[in-house]
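Structure here, sequence nowhere to be found:
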């Protein structure tokens, strides 16, 4: 009794209705310290799945970023981002996208990306072995699985992301207004 890891109730149900600023900006806005650990940066060829998600040809170059996102030392999510290389060709990710950097800030500053909107699909799933180990949670822990597509002005997808998010410290509150 009284031993082990305790997670202070983090206010991750207080996002505004605009999460397009990205993880780092959203967390910093509520006064917490965001941290990103880059696990992998690689170039892949778009298979049929990623070609459809990014609206590009099969075989087109795609940048894959695998990251752990943390807040105040608590691992929050494992993110796999897939970026349309043709839209961001001026960025050398292995040199410019290092730990603790904001991806969206980099895209805005170095590739002149102007974000328009994002779409997310959220499902509840059980974590697998890899996700459990990386997020330091029990195997088969309930987590949120978020598929996200982020678009530029002109309705072109620049990023497709698959996020595995701890549901014990992260939740969504959705506000509906009468029109």
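On my side now, so go ahead. If you're wondering where the values come from, they're calculated on a predicted model, not measured in any experiment.

tell me which strands and helices the longest helix seen in the chain is in contact with?
As assigned by DSSP state H, the longest helix anywhere in the chain is helix 103-111. Here helix 103-111 touches helix 23-29, going by 3 or more Cβ pairs under 8 Å, 6 or more residues apart in numbering; DSSP states H and E. The C-beta positions use only the backbone N, C-alpha and C, and glycine is treated the same way.

And the next helix or strand past the helix it packs on?
Of the helices and strands lying after helix 23-29 in sequence (DSSP states H and E), the nearest is strand 34-45.

That next one: partners in the sheet, and parallel or antiparallel?
If you go by DSSP bridges, strand 34-45 pairs up with strand 61-71 (antiparallel).

And stretch 111-120, what's buried?
111, 113, 115, 118 (16 or more other Cβ atoms under 10 Å).

Low-confidence stretches in the chain?
1-26 (pLDDT under 70).

in this structure, which spans are strands?
Assignment of strands within the chain using DSSP state E yields the ranges 34-45, 61-71, 74-84, 115-126, 142-152, 157-166.

Would you mark the buried spots in the longest helix of the chain?
In terms of neighbour count (16+ other Cβ under 10 Å), helix 103-111 has its buried residues at 103, 104, 106, 107, 111.

cool, and stretch 46-59?
46, 50, 51, 53, 54, 56.
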